[in-house]
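Visitor: A predicted structure for the sequence below; I have some questions about it.
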Amino acid sequence: MPSDFLGLVSDQVFSATPLWKARILATQRHAGVELLRQEFAWAQIEPRPGVYDFAPYDAYMAATAGAGMQVLAVLDDPPAWAATKPPRGERLSEVTVFPPRKMAQFAAFAALLARRYGPGGSFWRAHPKLRAVPIRSWEIWNEPNFEIYWGGHPSAAAYAAMLRAVYPAIHAVDPHANIVTAGVANTTIGGIGAEPYIRELLATRPRPAFDTLAIHTYAVSPAGVIESVEQVRGILNAAGLNSTPIWLTEFGWASGGPPSPFTVGSARQARYVLDTIVDLARKEATLHVAGIVYYDWQDAVPYAGGGTNLWGFHTGLVAIDGIAKPALSSYYQAAGVLHAPP
């Protein structure tokens, strides 16, 4: 089993104070978390051309390294000066993310991060007393098949161009880096469905522009998650990519919140977390699964702008007040099963 197989999305670690960072990471490490999936937002790091603010990310990397946690970095969210502009007169969500105007600029940003946080990077050289846990896997963008994450008009061909630009840029810094596609979400609402999007992406022949294919699979049950992974495995195999791993970089269920196919209550959430992790681990070799990342560590409050309550705000292993749900025990139990001696 890979050392970073069992992962978690946990934005709370990034935004916490140093003391709370350490406490949250210790709890997560005890629960069996091996890897954290974290956004590295270009807009936050380089708000103006050539002006960088690495401080929040340096603090994050120091804390996760101190906890012995690996990081899957998600690169996205160009600053306004580097992003495409919304079409004139078109009404889009206030939180719509636009792709970069120039893929070469985005690739340069990716290479910059690899030089800082990758093996032998400048951050690790500046902190020789810190045990280095460099970033080796880079997830390029997030859910580009959603309208909201690709300027209102998702395009697999345009996303393939992004991969072709970023792949050599990062590999020039770290030849052994793992370039992971954006997690393609299984949705037909506000975007392109996962399967047609992946087929179109592969038809553009972006290889060798990525090493691992990422998917976001939300289903009504663990069986649905497994079925989605199997379908994607079939698509890759049919394209001759039998050895290309699949990384499930988001899955989860809500314990509460508004009714939805994914709102299942605390007891079923706990059972589904355990069953999904264990079942995917058992099929790791046949499905060539690189890892699984649960979404999310903690429940969230609705977006400040609209205030709409969504099921996705209730998928945490712990509640909004930090109290553990039964699902946290399930995650811990699953981790024990994964690492039990044969």
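Guide: Everything's here; your move. This is a predicted model, so every value here is computed, not measured.
Visitor: If we go by neighbour counts, what in the least confident helix or strand in the chain by mean pLDDT is buried?
Guide: Lowest mean confidence among the helices and strands of the chain (mean pLDDT, DSSP states H and E): helix 11-15, at a mean of 93. Residues of helix 11-15 classed as buried by neighbour count (16 or more other C-beta atoms under 10 Å): 12-14. Backbone N, C-alpha and C define where each C-beta goes, glycine included.
Visitor: cool, stretch 293-301 as well?
Guide: 293-300.
Visitor: Now name the helix or strand holding the residue nearest to Ile140 when sequence neighbours are not counted.
Guide: The spatially closest residue to Ile140, leaving aside those adjacent along the chain, is Val166, at 5.3 Å (C-beta to C-beta, 6 or more residues apart in numbering). Val166 belongs to helix 156-173 when assigned by DSSP states H and E.
Visitor: Would you mind pulling up the elements that the following helix or strand past that helix packs against?
Guide: Downstream of helix 156-173, the first helix or strand assigned by DSSP H and E is strand 178-181. Judged by 3 or more C-beta pairs under 8 Å, 6 or more residues apart in numbering; DSSP states H and E, the packing partners of strand 178-181 are strand 137-140, helix 156-173, strand 213-216.
Visitor: Can you tell me what sits against strand 178-181?
Guide: By C-beta atoms under 8 Å, 6 or more residues apart in numbering, the list of residues contacting strand 178-181 from outside reads 72, 136-140, 163, 166-167, 170-171, 201, 209-214, 247, 249.
Visitor: distance between that strand and the chain's centre?
Guide: How far strand 178-181 lies from its chain's middle: 11 Å, per C-alpha atoms, centre = their mean, to the nearest Å.
Visitor: now swap in stretch 233-245 and tell me
Guide: Centroid displacement of stretch 233-245 relative to its chain, using C-alpha atoms, centre = their mean, is 21 Å.
Visitor: for it, how far is the first residue from the last?
Guide: In stretch 233-245, first residue to last residue: 9 Å (C-alpha to C-alpha, to the nearest Å).
Visitor: ditto for stretch 46-59
Guide: Stretch 46-59 has an end-to-end distance of 17 Å (criterion: C-alpha to C-alpha).
Visitor: what are the ranges of the strands in the stretch 51-200 of the chain?
Guide: Counting by DSSP state E, counting those that start in this stretch, the stretch 51-200 of the chain has strands at residues 70-76, 137-140, 178-181, 184-185.
Visitor: Tabulate these (CSV), appending mean neighbour count.
Guide: Putting those into CSV (neighbours: other C-beta atoms under 10 Å) gives the following:
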stretch, mean neighbour count
strand 70-76, 23
strand 137-140, 25
strand 178-181, 23
strand 184-185, 27
